[in-house]
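[1] Sequence and predicted structure are below.
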Amino acid sequence: MGSPASEQGRDDDETQHEVTISEDYYLGVFEVTQAQYEKVIGTNPSYFQRAKVADQNADLPVESVSWDDAVEFCKRLSDLPEEKKAGRVYRLPTEAEWEYACRAGSTTAYSFGASSKSLDDYAWNVGNSGDQTHPVGEKKANAWGLYDMHGNVWEWCSDWYYENPKGAFIDPSDPKEGLFRVIRGGGLGLGAAYCRSARRYWSSAVLRDINNGFRLALSSTGIPK
């Protein structure tokens, strides 16, 4: 995880360090949409409110959701009878899981290479978003078939934010408490430096910001084959 000192746009909290993820996991191909959120929770809190469950724009990412809201969505989805029967328990990804999936085997600033010249092909950002979110999956996917890992909305991770991780970790989720939760991926109103694979940011767990959404993770353990 992290970025080399030579990477353009890097910040001080991106010290490179070795991470081991010991368990397989699944990650949502797309950011959670407004339609999906409304179906489970019953309301749509998004600021960019073009989307209703039955409308053609229902695949805009949900935003204006706090970390607490995202965790509650995971809980309620996991409690649905069909999900419980299948043994699926949804959660937010750890920061390590998120970055591993975003990189998709790459070691460059972006999943698609070292240069930001192709960013518009992969991400809704300040240069092409028109200051609004866009339906998930319209840009190119990374090498593992995941969309919008760069841009569109910031994505909540499960971890508390800590400023400068160092050393080697196995399944890192430390510290156990803190002031802010991690968000990753950049967003619709941000430039290339914020959309890099290693870029870390933070937000209050109770803040509902128009730039903040999430995607789901699912542990493979316990799921019937």
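    Looks like it arrived, so ask away.
[2] hey, which strand is longest across the chain?
    Longest strand of the chain, by residue count under DSSP state E: strand 154-160.
[3] which neighbours does that strand have in its sheet, and in what orientation?
    strand 181-184 (antiparallel), strand 212-213 (parallel) (DSSP bridges).
[4] Neighbouring strands - and their directions - for the helix or strand following the longest one?
    It stands for strand 181-184. With elements assigned by DSSP states H and E, the helix or strand that comes after strand 181-184 is strand 200-203. Applying DSSP bridges, strand 200-203 is found paired with strand 181-184 (antiparallel).
[5] so how far is the lowest-mean-pLDDT helix or strand in the chain off the chain centroid?
    Every helix and strand of the chain was ranked by mean pLDDT, DSSP states H and E. The lowest is strand 169-170, at a mean of 87. In terms of C-alpha atoms, centre = their mean, to the nearest Å, the centre of strand 169-170 is set 21 Å apart from its chain centre.
[6] and what of stretch 121-129?
    Distance, centroid of stretch 121-129 to centroid of chain: 16 Å (C-alpha atoms, centre = their mean).
[7] Over to stretch 149-162?
    5 Å.
[8] With just CA atoms, put that stretch into PDB.
    Taking C-alpha atoms only, stretch 149-162 is exported to PDB below (Å, rounded to 0.1, in the frame of the first residue of the first chain):
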ATOM      1  CA  MET A 149     -12.800   3.000  -8.300                       C
ATOM      2  CA  HIS A 150     -11.400   6.400  -9.400                       C
ATOM      3  CA  GLY A 151     -13.800   9.300  -9.100                       C
ATOM      4  CA  ASN A 152     -17.600   9.800  -9.100                       C
ATOM      5  CA  VAL A 153     -18.000   9.600  -5.200                       C
ATOM      6  CA  TRP A 154     -15.600   9.000  -2.400                       C
ATOM      7  CA  GLU A 155     -16.100   5.500  -0.900                       C
ATOM      8  CA  TRP A 156     -16.400   4.800   2.800                       C
ATOM      9  CA  CYS A 157     -14.000   2.100   4.200                       C
ATOM     10  CA  SER A 158     -14.500   0.400   7.600                       C
ATOM     11  CA  ASP A 159     -11.300   1.700   9.100                       C
ATOM     12  CA  TRP A 160     -10.600   4.500  11.500                       C
ATOM     13  CA  TYR A 161      -8.100   6.900   9.800                       C
ATOM     14  CA  TYR A 162      -4.600   7.000  11.100                       C
END
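[9] and it, what's its mean pLDDT?
    Across stretch 149-162, pLDDT averages out at 96.
[10] show me the contacts for the spatially most central residue of the chain.
    Among the residues of the chain, Glu155 comes closest to the average C-alpha position under C-alpha atoms, centre = their mean, at 3.2 Å. Applying C-beta atoms under 8 Å, 6 or more residues apart in numbering to Glu155 gives the contacts 31, 98, 183-185, 212-215. Any C-beta I mention is one placed from the backbone N, CA and C, and that applies to glycine too.
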